[in-house]
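A.B. asks: build the 3D model from these lines:
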Amino acid sequence: MDIYKELQQELQEKNTQLIAVSKTKPNEKIVEIYEKGQRAFGENRVQELVAKYEALPKDIEWHLIGHLQTNKVKYIAPFVHMIHSIDSLKLLKEVQKQGAKLDRTMNVLLQMHIATEDTKFGLDKRELIEIVEFYMADPSPFTHIKIHGLMGMATFTDDKEQVKGEFKKLKELFDFCKSSYVLTDDFKEISMGMSGDYQLAIQEGSTMVRVGSMLFGSRN
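C.D. replies: Just a heads-up that it's a prediction; the model follows:
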């Protein structure tokens, strides 16, 4: 069976969305997956994302999954479907500013730091609370933003128990937000899990997995 169709079938049974991570992959490889029915693709770098958006079919839903600098938000604001990597209040305010300029609602996830590696970006619980409370202020300063949930990246390790524990931590933070704040029904996504650990992520409550090498082969 085709690896893409097999994966999609598995994820549909678990009610989990596939984000096909196409970073560094040529357009023809993306088109191959697109023609099988995939529409949600994830990119790490703004420059590469913009180039692919301009060259590829316009019904693709582009997800920015890598670290985003505030000065680059304007380049993707007109078309990006969702930004997974909001890791500061400053960045969220810039996304709001660009969304307001375009009169466009920006869909975002808040990136949490759940790994042991210092190189990974993300918020801690205190920063999460600060952002959520600011977002919910009356009247809300975020008229052009919808926070759809949380994103996290586990430690790059073969220790499955450690990875599972980190995914569990993200689910607990998600549940904390749901129980402590009156968030809308839009707050429902947990983006966690990649090619090597997506099944563990699903067990711990992931609603979106970001799979690249399994679909496209190892990174260039």
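
A.B. asks: show me where pLDDT drops low in the chain?
C.D. replies: For the chain, applying pLDDT under 70 flags the ranges 1, 119, 219-220.

A.B. asks: now do the helices in it.
C.D. replies: Under the criterion DSSP state H, the chain contains helices at 3-13, 27-34, 46-55, 73-76, 89-102, 125-135, 160-180, 198-203, 213-216.

A.B. asks: of these, which approaches Met153 most closely?
C.D. replies: helix 160-180 (8.6 Å; C-beta to C-beta). (C-beta placed from N, C-alpha, C; glycine too.)

A.B. asks: mind giving me the packing neighbours of that closest one?
C.D. replies: helix 125-135, strand 145-152, strand 189-191, helix 198-203 (3 or more C-beta pairs under 8 Å, 6 or more residues apart in numbering; DSSP states H and E).

A.B. asks: which residues does that helix contact?
C.D. replies: Applying C-beta atoms under 8 Å, 6 or more residues apart in numbering, the contact partners of helix 160-180 are 112, 114-116, 125, 128, 132, 149-150, 152, 154-155, 157, 183, 187, 190, 192-193, 197, 200-201, 203-206.

A.B. asks: ok, now stretch 59-66?
C.D. replies: Applying C-beta under 8 Å, 6+ apart, the contact partners of stretch 59-66 are 19, 21, 23, 34, 39-46, 49, 52-53, 76, 79-85, 151, 191, 210.

A.B. asks: out of the helices and strands packed on helix 160-180, deepest packed?
C.D. replies: strand 189-191 (a mean of 25; mean count of other C-beta atoms under 10 Å).

A.B. asks: returning to what we had before: any chance of the helices of the chain in JSON lines, plus distance to Gly66?
C.D. replies: As requested, the helices of the chain are exported to JSON lines (distance: least, C-beta to C-beta, whole Å):
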{"stretch": "helix 3-13", "distance to Gly66": "22"}
{"stretch": "helix 27-34", "distance to Gly66": "16"}
{"stretch": "helix 46-55", "distance to Gly66": "8"}
{"stretch": "helix 73-76", "distance to Gly66": "11"}
{"stretch": "helix 89-102", "distance to Gly66": "13"}
{"stretch": "helix 125-135", "distance to Gly66": "19"}
{"stretch": "helix 160-180", "distance to Gly66": "18"}
{"stretch": "helix 198-203", "distance to Gly66": "18"}
{"stretch": "helix 213-216", "distance to Gly66": "16"}
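
A.B. asks: and those helices: which comes nearest Thr143?
C.D. replies: Among the helices of the chain, helix 89-102 comes nearest to Thr143, with 6.5 Å by C-beta to C-beta.

A.B. asks: can you report how many residues lie near Lys188?
C.D. replies: Lys188 has 12 neighbouring residues, counting by other C-beta atoms under 10 Å.
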